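Q: Mind folding the following:
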Amino acid sequence: MNFEVAPQEIDPIIAEALAEMNRRGISGKAVTPFLLARIAERSDGRSLAANIEGVVNNAAIAARIADCYARLVT
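A: Numbers count the residues shown, from 1 in each chain. Reported below is the predicted structural model:
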């Protein structure tokens with residue numbers, strides 16, 4: 001299954017979320033949670049699914065790298 005959100009779909013959503021963040025004066029530690037939540041909301045959860053899939057894939061790659069490294073040093 002493809003979890004990617006096409007740039008032509010996600011870019012306007014990101015721009016809208018950034019503009020809202022600036023209008024509301026959100027800064028510092030509140031930026032990332034605000035943007036992730038707003039983008040997930042506006043993309044009907046598709047951005048969240050894509051982010052989760054990215055984390056899962058990164059963990060799988062890290063596990064393969066660790067396995068290969070362990071085989072080299074033992």
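
Q: correct me, but residue 10 touches residue 47?
A: Yes: the pair residue 10 and residue 47 passes the contact test of C-beta atoms under 8 Å, sitting 6.5 Å apart. Any C-beta I mention is one placed from the backbone N, CA and C, and that applies to glycine too.

Q: residues shared between the contacts of the two?
A: Shared between the contact lists of residue 10 and residue 47 (criterion: C-beta atoms under 8 Å, 6 or more residues apart in numbering) are residues residue 39.

Q: who's more crowded, the two?
A: Using other C-beta atoms under 10 Å, the more surrounded residue of residue 10 and residue 47 is residue 47, with 23 against 17.

Q: Would you mind measuring from that one to residue 16?
A: 13 Å (C-beta to C-beta, to the nearest Å).

Q: joint contacts of those two?
A: Residues touching both residue 47 and residue 16 by C-beta under 8 Å, 6+ apart: none at all.

Q: Can you show me the helices along this structure?
A: 7-24, 31-42, 46-73 (DSSP state H).

Q: CSV for those helices, including mean pLDDT and distance to residue 1?
A: As requested, these are arranged in CSV below (pLDDT from 0 to 100; distance: least, C-beta to C-beta, whole Å):
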stretch, mean pLDDT, distance to residue 1
helix 7-24, 98, 17
helix 31-42, 98, 18
helix 46-73, 96, 8
